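>>> sequence first, then the predicted structure, then my questions.
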Amino acid sequence: MGVLIKNGTVVSATGSQEQDVLVSGEVIARVSHGINAEGHEVVDATGLLVMPGGIDVHTHLDMPFGGTTSADDYTTGTQAAAVGGTTTVIDFALQNQKSTLKDALDIWLKKSNGNACVDFSLHMAVTNLHGEDGAETLAEMEEMVKFGISSFKLFMAYPNVLMVNDELMFRVMQKAAQLNGLCLIHAENGSAIDVVVSQMIAEGKTAPHFHALSRSPKAEAEATHRAIALADIAGAAVYIVHLSNEDSLAALKFMQGRGAKALAETCIQYLVLSIEDQMPGKSWEEAKYVFTPPLREKWNQKPLWEALADGTLAVVSTDHCPFRFADQKELGRGDFRKIPNGGPGVENRLQILWHFGVNAGRITPEKFVELACTAPARIFGMEKQKGAIAPGLDADILLWDPNAEYTISAKTQCMATDYSMFEDWKVKGNAAKVFSRGELVVDNVASPGKFLGATGRGRFVKREANAGGLA
Ligand code: URP
Ligand code: ZN
Ligand code: ZN
């Protein structure tokens, strides 16, 4: 006896076909036309698209940052993900500069185990190297890969907190190349930005708007080029996170054209929000949109969409890093440096990508699946478990209703913030039912916005070191 999803259209990264999907236990058993329903529990997917569950490779749950902790923990964050159709998240363990990668892993496994409601994995952020020439920490990277953590994050921003220098970055890249790992880069020139920030504050420019103005797209583009060039010299595969603007795209394209193993993501906020619309410099409310890199001028959105369509950009994630407006963003009233950086998005990623991507004719449904599900699984070493509707893979299945109309609002969302970046936006296209490893965990038709599974059912996903799928 299995669960048989009948009468739907299976959408993969390469094509769409009317097919039935048979789930047996936690995995997909068969994908084919006209599977006999006898003995199975039938789920009628007439009018629905049958897609792999979404994979958001960039979240920050329960993360200490900016003098506070991100508002979603592993329970609320993964429930919100599921309600929005995302069945796997990859979060970040952050090395404390004084301690080890193992310590960071232990801390993040404690946060996640018993709390995550869908499957999750971790990237490891390296912030310091211990031992002669970093030998101790570099050796720990091998342990991480054995454990199933095959991607290493390096921050080129946030001086004195997370930022690394070029030497550290290069040593980690060399080690990652040896291990077939992937280096994730927050690409911004943190040193130059900090000079501008201090000068702005000295001039009394303290409002949220100045956070955005202090972080030039050129500071992001410079770091993007530098990171990819260093990775290329080291022989490593590199993945630029939250690429936000056309200058950085140009740097990425240039290095891709030179044969660098360079991939990048953008995030939903950069595709649909802008400095003109959300951050015109008029009110404290704009603190809701303080994240890093900041919002950009609106004209950048078109080249970002084009880069998704033509494959220059490989993934759409969220950089979900939620802080409440009332008491957390408030920490920075009168000094934008103290506004915790980040915004909530994990619940809305697929709605925004579908509505403004597919409905607007910018990407096809197949490209939607590639950007939100299949490429994330391939690039991050999970393609044997996740990211496609195929026999043997985890039955992480999203039944997507392309005609469902939905109004996004903080009043109805699962995310723990008291605001939405897309408040009152009306979108067409939403998750109808969501299965995680064969279990129906969300039914947005019968019980809208509710997570139906047990807290803590999410499992850690061990990921292969595959050099971002580029090797
Ligand atoms: O503002 C952001 N993006 N906060 C989370 C940390 C990061 O840089 O990704
Ligand atoms: Zn970042
Ligand atoms: Zn981030």
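Good, I have the coordinates. Keep in mind the model is a prediction, meaning the values are calculated, not measured. Numbers count the residues shown, from 1 in each chain. Ligands and ions are numbered 1, 2, ... in the order given.
>>> CA atoms for contacts and neighbours, from now on please.
Will do.
>>> which positions in this structure make contact with ligand 1?
Proximity of the chain to ligand 1, by C-alpha under 6 Å from any ligand atom, involves residues 291, 292, 319, 321, 341, 342.
>>> quick one: the second one is in a helix?
No: when classified by DSSP: H, G, I helix; E, B strand; the rest coil, residue 292 is found to be coil rather than part of a helix.
>>> any idea how far residue 129 is from it?
For residue 292, the distance to residue 129 equals 25 Å [C-alpha to C-alpha, to the nearest Å].
>>> still on that earlier bit, out of the residues of the chain next to ligand 1, flag the one nearest to residue 222.
residue 292 (15.4 Å; C-alpha to C-alpha).
>>> helix, strand or coil for residue 107?
Assigned by three-state DSSP, the conformation of residue 107 is helix.
>>> what's the neighbour count on the residue nearest to it when sequence neighbours are not counted?
Leaving aside its sequence neighbours, residue 107 sits nearest to residue 93 (C-alpha to C-alpha, 6 or more residues apart in numbering; 7.9 Å). The number of residues packed near residue 93 is 26, by other C-alpha atoms under 10 Å.
>>> how about residue 93, what does it touch?
104, 105, 107, 108, 122, 123, 124, 125 (C-alpha atoms under 8 Å, 6 or more residues apart in numbering).
>>> okay, it: pLDDT?
Listed pLDDT for residue 93 reads 98.
>>> also residue 471?
The predicted local confidence for residue 471 is 68.
>>> and for residue 300?
99.
>>> surely it is in contact with residue 246?
Yes: in this structure, residue 300 is within contact of residue 246 by C-alpha atoms under 8 Å, at 5.6 Å.
>>> look up phi and psi at the residue of the stretch 101-250 of the chain found nearest ligand 1.
Proximity of the stretch 101-250 of the chain to ligand 1 (C-alpha to the nearest ligand atom) peaks at residue 186, 6.4 Å away. The phi and psi values for residue 186, taken as degrees, to the nearest 10, are phi -80, psi 100.
>>> longest helix anywhere in the protein?
helix 217-234 (DSSP state H).
>>> the helices in the stretch 201-350 of the chain, which residues?
For the stretch 201-350 of the chain, the helices defined by DSSP state H, counting those that start in this stretch cover 208-213, 217-234, 246-257, 268-272, 275-278, 301-310, 349-353.
>>> my error: substitute the stretch 351-471 of the chain in the last question.
With helices called from DSSP H, counting those that start in this stretch, the stretch 351-471 of the chain shows them at 365-369, 375-379.
>>> and these: which comes nearest residue 202?
Among these, helix 375-379 comes nearest to residue 202, with 42.5 Å by C-alpha to C-alpha.
>>> assign the closest residue to residue 457 other than its chain neighbours to helix, strand or coil.
Leaving out its chain neighbours, the residue that sits closest to residue 457 by C-alpha to C-alpha, 6+ apart is residue 117, at 5.1 Å. Judged by three-state DSSP, the three-state class of residue 117 is coil.
>>> and the pLDDT for residue 117?
Value for residue 117, per-residue pLDDT: 98.
>>> isn't it right up against residue 81?
No: contact criterion C-alpha under 8 Å: residue 117 and residue 81 do not qualify, at 9.2 Å.
>>> from residue 439, how far off is residue 185?
The spacing between residue 185 and residue 439, counted by C-alpha to C-alpha, is 35 Å.
>>> what's the closest non-adjacent residue to residue 21?
Using C-alpha to C-alpha, 6+ apart, the closest residue to residue 21 is residue 31 (4.6 Å).
>>> that neighbour: what secondary structure?
Going by three-state DSSP: residue 31 is strand.
>>> can I get the contacts of residue 93 in CSV including pLDDT and neighbour count?
Below are the contacts of residue 93 laid out as CSV (pLDDT from 0 to 100; neighbours: other C-alpha atoms under 10 Å):
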residue, pLDDT, neighbour count
104, 98, 19
105, 98, 22
107, 98, 14
108, 98, 21
122, 98, 27
123, 99, 25
124, 99, 26
125, 98, 23
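>>> closest one of these to residue 348?
Looking across those and measuring by C-alpha to C-alpha, the closest to residue 348 is residue 122, at 21.2 Å.
>>> shouldn't the closest one be in contact with residue 101?
No: using C-alpha under 8 Å, residue 122 makes no contact with residue 101, being 12.0 Å away.
>>> quick one: contacts for residue 17?
9, 10, 11.
>>> output the residues you listed in CSV, with neighbour count and pLDDT appended to each entry.
As requested, these are arranged in CSV below (neighbours: other C-alpha atoms under 10 Å; pLDDT from 0 to 100):
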residue, neighbour count, pLDDT
9, 21, 98
10, 23, 98
11, 24, 98
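>>> from those residues, which is closest to ligand 1?
Ligand 1 lies nearest to residue 11 out of the contacts of residue 17, by C-alpha to the nearest ligand atom, at 30.5 Å.
>>> so what's the closest residue in space to that closest one that isn't next to it in sequence bridging to?
If the residues on either side of it in the chain are set aside, residue 11 comes closest to residue 51, at 5.4 Å by C-alpha to C-alpha, 6+ apart. On the basis of DSSP bridges, residue 51 is bridged to residue 398.
>>> of residue 292 and residue 129, who's got more company?
Ranked by neighbour count (other C-alpha under 10 Å), residue 292 and residue 129 place residue 129 first, with 23 against 19.
>>> now that one, nearest residue through space, not along the chain?
Using C-alpha to C-alpha, 6+ apart, the closest residue to residue 129 is residue 137 (5.3 Å).
>>> ok, residue 445 next?
Nearest non-adjacent residue to residue 445, counting by C-alpha to C-alpha, 6+ apart: residue 432, 6.0 Å away.
>>> ok, now which ones touch the one you found?
Residue 432 touches 398, 399, 400, 401, 442, 443, 444, 445, counting by C-alpha under 8 Å, 6+ apart.
>>> mind putting those residues into CSV with pLDDT and neighbour count?
Shown next, in CSV, are the contacts of residue 432 (pLDDT from 0 to 100; neighbours: other C-alpha under 10 Å):
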residue, pLDDT, neighbour count
398, 99, 28
399, 99, 25
400, 99, 27
401, 99, 19
442, 99, 26
443, 98, 19
444, 98, 18
445, 97, 11
